[in-house]
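> predicted model and sequence below, questions to follow.
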Amino acid sequence: MSELRVANDHLGDPPHLRALFENEGYLFFRDVLDQDAVLAAGRQVVRTLVERGLVQRMPLSGEDDARLQDALNEQQLWERLVATPSVAAFFTQVAGAPVRFIPLARYRVMAPGSATLIHQDALLNPGFDMTTAWIPLMAVDAELGGLAVAAGSHRQGCVPLEELPPLEDLWRGAVYEPGDVVLMHEALVHTGLPNRSPDGLRLSIDVRFQHPAAPAAVVGYIAAVDAASVRIEGEDGESVTLDVDDSTLLRNGSGRRIPLAELTDSELAPGRRVIASQRGGVAVMVKAL
């Protein structure tokens, strides 16, 4: 596997970074985030694992992982990390303007023997025009594994896993330290390598933001729902009604797809906090938070 290209030399030149990003589908930066803030987030993940009795339950089941995600989201851990002044300044520098983070963060705790499936983020979260920032919350050596990306694979668009072309010559990876970050195009094929350590956990977090020029995600609470529409009272004070149809991806809090016929009996009910993307007044995705 080849090494990720380091983009630090181009910080301060957003047009050049954008060109690299559009060509390769990723940007890798070393030692650009506040190490103390990153390590503090990692320690809080471990504390939460211990407090919730999850350390002895590794690898986590889907239900236990959902409990962990909920517990960490309640603490607003990722929000506090990206609000750290130097961290926020880094993302502004890369994008050329302040970015909008959206509540689609994912905390990853990978036990020995665990790996992340090969995937593209936009297949699960379509319609947002977003970038994923993968942040290791600890030192991640070759034994612990880490993120691997298929450079340039975003140019083919989003396709089902079984339809992906050969990727063997495209894979890139690295040994990571706290303070490093990899930014990924939403259609970039990537994976979390197997954790081959005998007893170590690998901790990381995915946070997602939208380009300043992208249509803003709708984040708020469902006010009304029927078989053909969802009305959301946005946290920005705006109310929006979105049509839903067979093309809309409806997801519950654990990520499972909700069939349109089950919408009115699902957890996408009045009072539920959600995030939605839209195109022409039709919901592309509505996900419970």
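Done, it's in.
> distance of residue 15 from residue 268?
To residue 268, residue 15 is 40 Å away according to CB to CB, to the nearest Å. (Each C-beta comes from the backbone N, C-alpha and C, glycine too.)
> brain fart, residue 249
12 Å.
> settle it for me: which of residue 15 and residue 268 has more neighbours?
Counted by other CB atoms under 10 Å, residue 15 and residue 268 do not tie: residue 268 has more neighbours, with 23 against 9.
> how near is that one to residue 88?
Residue 268 is 32 Å from residue 88, by CB to CB.
> ditto for residue 41
Per CB to CB, residue 41 is found 15 Å from residue 88.
> likewise for residue 219?
Distance from residue 219 to residue 88, by CB to CB: 19 Å.
> those two: which is more packed in?
Each of residue 219 and residue 88 has its neighbours counted (other CB under 10 Å); residue 219 has more, 18 against 15.
> so what's that one bridging to?
Residues in a beta bridge with residue 219, per DSSP bridges, are residue 275.
> list the buried ones in stretch 84-99?
With burial defined by 16 or more other CB atoms under 10 Å, the residues of stretch 84-99 counted as buried are 84, 87, 90, 91, 94, 95, 99.
> in those, find the pair that's most separated.
Within the buried residues of stretch 84-99, 84 and 95 form the most distant pair, 16.5 Å apart (CB to CB).
> could you pull out the helices for the stretch 51-200 of the chain?
Assigned helices in the stretch 51-200 of the chain, in chain order: 62-74, 77-83, 85-95, 121-124 (criterion: DSSP state H, counting those that start in this stretch).
> buried ones in the shortest one?
With burial defined by 16+ other CB under 10 Å, the residues of helix 121-124 counted as buried are 121, 122, 124.
> so which of those is the closest to residue 215?
Using CB to CB, residue 122 comes nearest to residue 215 of the buried residues of helix 121-124, at 14.7 Å.
> quick one: the closest residue to the closest one other than its chain neighbours and residue 5, what's the gap?
Leaving out its chain neighbours, the residue that sits closest to residue 122 by CB to CB, 6 or more residues apart in numbering is residue 186, at 3.9 Å. Distance, residue 186 to residue 5, using CB to CB: 19 Å.
> who has more neighbours, these two?
Neighbours per residue, other CB under 10 Å: of residue 186 and residue 5, the larger number sits with residue 186, 21 against 13.
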